[in-house]
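Participant: 3D, please:
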Amino acid sequence: MITRFTIIAMALTCLLLGCKRHDERAITGIGAQFATRDKALEVMQVIPNSPAAKAGLASGMIVQAIDGTATAGRPLKECAAMIRGPAGTTVRLELVDRQKDTTNAIELTREKIWF
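Facilitator: The predicted structure is shown next:
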C-alpha cells in the first residue's frame, strides 16, 4: 500500500537522484527504495506493479552486486545511480534473501515509475 509517507519518501528520493524538474513525479528505474545498513545495500520498499515487484524483490533483501560490481561499502547515491538508467534497458542484481537463506541473480528492465 502506498501511503502519504511513501509519496514523500519517493519525492525526496527523486530529488536526491536528480529528477530534472521539481514537479516531475517520476523516476526511471526498477521501482524499489534502498538504504545502506552495515555497509550493505538493503531493499527497504518495493513499489507495487513495478519491475522490482514483478521480479519478486522484497524488503530486507541484500543487493550484493549491480551488473557484476560489488555494492559492499559503496555510497547509497552511487548504487542508486548504477540501478537507474534509461527506460527499456536492463540491470542485473545479485541478491541475498536472508529470510529464505538463498542467493540469486535477476535481470530487470527499467521503466518509468510514476508516483
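
Participant: only C-alpha atoms from now on, for both contacts and neighbour counts.
Facilitator: Noted.

Participant: what's the closest non-adjacent residue to E42?
Facilitator: I62 (4.5 Å; C-alpha to C-alpha, 6 or more residues apart in numbering).

Participant: which stretches of this protein have low pLDDT?
Facilitator: The chain contains residues with pLDDT under 70 at 1-24, 115.

Participant: quick check: closest non-adjacent residue to the residue most central in space within it.
Facilitator: Closest to where the C-alpha atoms of the chain average out (C-alpha atoms, centre = their mean) is A32, at 3.6 Å. Counting by C-alpha to C-alpha, 6+ apart, V46 is the residue found nearest to A32 once chain neighbours are left out, at 4.4 Å.

Participant: do V96 as well
Facilitator: T103 (4.4 Å).

Participant: could you do A53 as well?
Facilitator: The shortest distance from A53 to any non-neighbouring residue, by C-alpha to C-alpha, 6+ apart, is to V46 (6.0 Å).

Participant: surely that neighbour and S59 touch.
Facilitator: Yes: with contact defined as C-alpha atoms under 8 Å, V46 reaches S59; the gap is 6.8 Å.

Participant: in contact with the residue nearest to A32, which residues?
Facilitator: G31, A32, Q33, A52, A53, L57, A58, S59 (C-alpha atoms under 8 Å, 6 or more residues apart in numbering).

Participant: how much space between it and G73?
Facilitator: Per C-alpha to C-alpha, to the nearest Å, V46 is found 22 Å from G73.

Participant: what segments of the chain are helices?
Facilitator: 4-17, 51-55, 76-83 (DSSP state H).

Participant: make a ChimeraX selection of whichever of the contacts of V46 turn out to be buried.
Facilitator: In ChimeraX syntax, the buried subset of the contacts of V46 is picked out as below (16 or more other C-alpha atoms under 10 Å):
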select :31,32,33,52,53,57,58
